[in-house]
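Undergrad: predicted model follows, preceded by the sequence.
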Amino acid sequence: MKAVQLVAWHSDPALVEVDVPTAGPGQVVLKVAGAGLCHSDLHLLHDFANGMFPWGPPFTLGHENSGWVHQVGAGVEGLSIGQPVAVFGPWGCGHCAACDRGQDTYCHAPTDSYGSAFGGGLGVDGGQAEFMLVPDARFLVPIPDALDPVAAAPLTDAGLTPYHAVKMSLPKLMPGSTALCIGVGGLGHMGVQFIKALSSANIIAMDLKDEALALATACGADLTIRGDAEDAVAQVKEATGGRGADVVIDFVGLDATLAQAAACAKVQGDMTIVGVGGGSFPMSLFSPPYECNVRSIYWGTRSELGEVLALAAKGLITPEYSTYSLDQALDAYAAMEAGKLKGRAVIVP
Ligand code: NAD
Ligand code: ZN
Ligand code: ZN
């Protein structure tokens, strides 16, 4: 079958032929419905190197995946052939306290997991192929009838990660509050939608691209600001009566956006770092403001993935994406690299 693989660090993805996987005991093979491209794939291709992780290439890319159950291994119960499922992407050991609460992202024994990898598409074979091996049926979440299985793919990361960020900040998203999303691409445009669906907070979106800001407006942002405007921070302050935003989520993570995030956050607000931009920012007694919670997050929990799918099935959130065949996958990567995507790109084999 065809698969899009990372064959060596610091290289472009390649379309290759690989064997169709078979399910061993406890495992499931999916016929892939959709496999999203994430900006993190670009970090994988260009920024990482030998020795940084206990795993490395070659492996099939694609860590936001959905599909139909194609084959189940011995002992797998509760799944039927042809059933549409979403893949919970972070694969932990399955028996530590973090995995127990569905939070494989923070597994206590990550080297006990599959090939010590972070998950499919992140060290072992992912979903950018015709079929995908899922090493444990517990990583599958049923897709509600009302939801297109292709749309479920980007929801497993571009949906789940901002949902986790927004959910952690919900107590601060009171009526009259303000949330700022910096970087409204694949993840950020979903972040805006989750804030809109779960709260009545005013939403400000910041990006360098007018098209991304237009998408944010369509997703429910009340105000959009060009991040490269000299007075970008002043505009946020003005829109918030000088106080700043109660919740700031940085989906970029560069020096510049982290500085903006810290400058825009409110006293006792939340500043959450999601973007893997590699930046840092100076922290002192006065900045970010007093009692502002600063945290970084990684992906979300298994039960939260079910909540994201339920919100989408009700039509309360809708991922924006364009589809590409496996043969067009390298064009999709080029479009992402050039910043030309609207929302997400999803490979539909
Ligand atoms: P994307 O390319 O789809 O979107 C990024 C957006 O940020 C674009 O609209 C771009 O114009 C905008 N942007 C870039 N520089 C900016 C700046 N200086 N100011 C304002 N806007 C700017 O990327 P994505 O797939 O949404 O991923 C976003 C980031 O989140 C990436 O770094 C990715 O690796 C990371 N990520 C983190 C997690 C996690 O668990 N922490 C999960 C998935 C992705
Ligand atoms: Zn990702
Ligand atoms: Zn674990």
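TA: Good, I have the coordinates. Ligands and ions are numbered 1, 2, ... in the order given.

Undergrad: look up how far Asp112 lies from the closest residue to Ala8 other than its chain neighbours.
TA: Spatially, and ignoring its direct neighbours in sequence, Ala8 is nearest to Pro57 (5.4 Å; Cβ to Cβ, 6 or more residues apart in numbering). C-beta: built from backbone N, CA, C; applies to glycine. Per Cβ to Cβ, to the nearest Å, Pro57 is found 22 Å from Asp112.

Undergrad: likewise for Asp231?
TA: 51 Å.

Undergrad: please apply the same query to Asp41.
TA: In terms of Cβ to Cβ, Asp41 sits 25 Å off from Asp112.

Undergrad: please enumerate the helices of the stretch 151-300 of the chain.
TA: For the stretch 151-300 of the chain, applying DSSP state H, counting those that start in this stretch gives helices covering 160-168, 188-198, 210-219, 232-239, 255-264.

Undergrad: pick the most buried one from these.
TA: helix 188-198 (a mean of 26; mean count of other Cβ atoms under 10 Å).

Undergrad: and that one with helix 160-168, angle?
TA: Interaxial angle of helix 188-198 relative to helix 160-168 (axes from the mean of the first three to the mean of the last three Cα atoms, to 10 degrees): 40 degrees.

Undergrad: residues of the stretch 101-250 of the chain that sit close to ligand 1?
TA: 157, 161, 182-188, 206-209, 212, 227 (Cβ under 6 Å from any ligand atom).

Undergrad: which among those end up buried?
TA: Applying 16 or more other Cβ atoms under 10 Å to these, the neighbour count classes 157, 161, 182-188, 206-207, 209, 212, 227 as buried.

Undergrad: how about these in CSV, adding distance to ligand 2 and pLDDT?
TA: Listed next are those as CSV, based on distance: Cβ to the ion, whole Å; pLDDT from 0 to 100:
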residue, distance to ligand 2, pLDDT
Asp157, 4, 98
Thr161, 7, 98
Ile182, 17, 99
Gly183, 14, 98
Val184, 16, 98
Gly185, 12, 98
Gly186, 8, 98
Leu187, 8, 98
Gly188, 13, 98
Met206, 21, 99
Asp207, 18, 98
Lys209, 19, 98
Ala212, 17, 98
Gly227, 21, 98
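
Undergrad: can I get those in a markdown table including distance to ligand 3?
TA: Shown next, in a markdown table, are those (distance: Cβ to the ion, whole Å):
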| residue | distance to ligand 3 |
| --- | --- |
| Asp157 | 19 |
| Thr161 | 19 |
| Ile182 | 32 |
| Gly183 | 30 |
| Val184 | 33 |
| Gly185 | 30 |
| Gly186 | 27 |
| Leu187 | 25 |
| Gly188 | 29 |
| Met206 | 36 |
| Asp207 | 36 |
| Lys209 | 38 |
| Ala212 | 36 |
| Gly227 | 37 |
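
Undergrad: what residues are up against the closest residue to His39 other than its chain neighbours?
TA: Using Cβ to Cβ, 6+ apart and skipping the chain neighbours, the partner closest in space to His39 is Gly186 (6.5 Å). Shown in contact with Gly186 (Cβ atoms under 8 Å, 6 or more residues apart in numbering): 36, 38-39, 154, 158, 341, 343-344.

Undergrad: closest to ligand 1 among the buried ones among the residues of the stretch 101-250 of the chain next to ligand 1?
TA: When those are ranked by distance to ligand 1 (Cβ to the nearest ligand atom), Gly185 comes first, at 1.9 Å.

Undergrad: my guess is the closest one contacts Leu37. True?
TA: No. Counting by Cβ atoms under 8 Å, Gly185 does not reach Leu37; the two are 11.2 Å apart.

Undergrad: how about stretch 274-287, does it reach ligand 1?
TA: Yes. Interface with ligand 1: stretch 274-287 contributes 274-277 (Cβ under 6 Å from any ligand atom).

Undergrad: mind listing what's buried in that stretch?
TA: 274-277, 279, 281.

Undergrad: average pLDDT across it?
TA: Stretch 274-287 shows a mean pLDDT of 96.

Undergrad: can I get it in CSV, CA atoms only?
TA: C-alpha atoms of stretch 274-287 as CSV (Å, rounded to 0.1, in the frame of the first residue of the first chain):
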residue,chain,number,x,y,z
VAL,A,274,0.5,25.4,22.8
GLY,A,275,2.8,26.3,19.9
VAL,A,276,6.1,24.5,19.5
GLY,A,277,7.8,27.6,18.1
GLY,A,278,10.8,27.1,20.4
GLY,A,279,10.6,30.6,21.8
SER,A,280,11.0,31.8,25.4
PHE,A,281,10.1,34.9,27.3
PRO,A,282,11.4,36.8,30.4
MET,A,283,9.4,36.2,33.5
SER,A,284,9.6,38.6,36.5
LEU,A,285,7.5,39.7,39.5
PHE,A,286,5.7,42.1,37.3
SER,A,287,5.3,40.2,34.0
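
Undergrad: thank you kindly, that will do.
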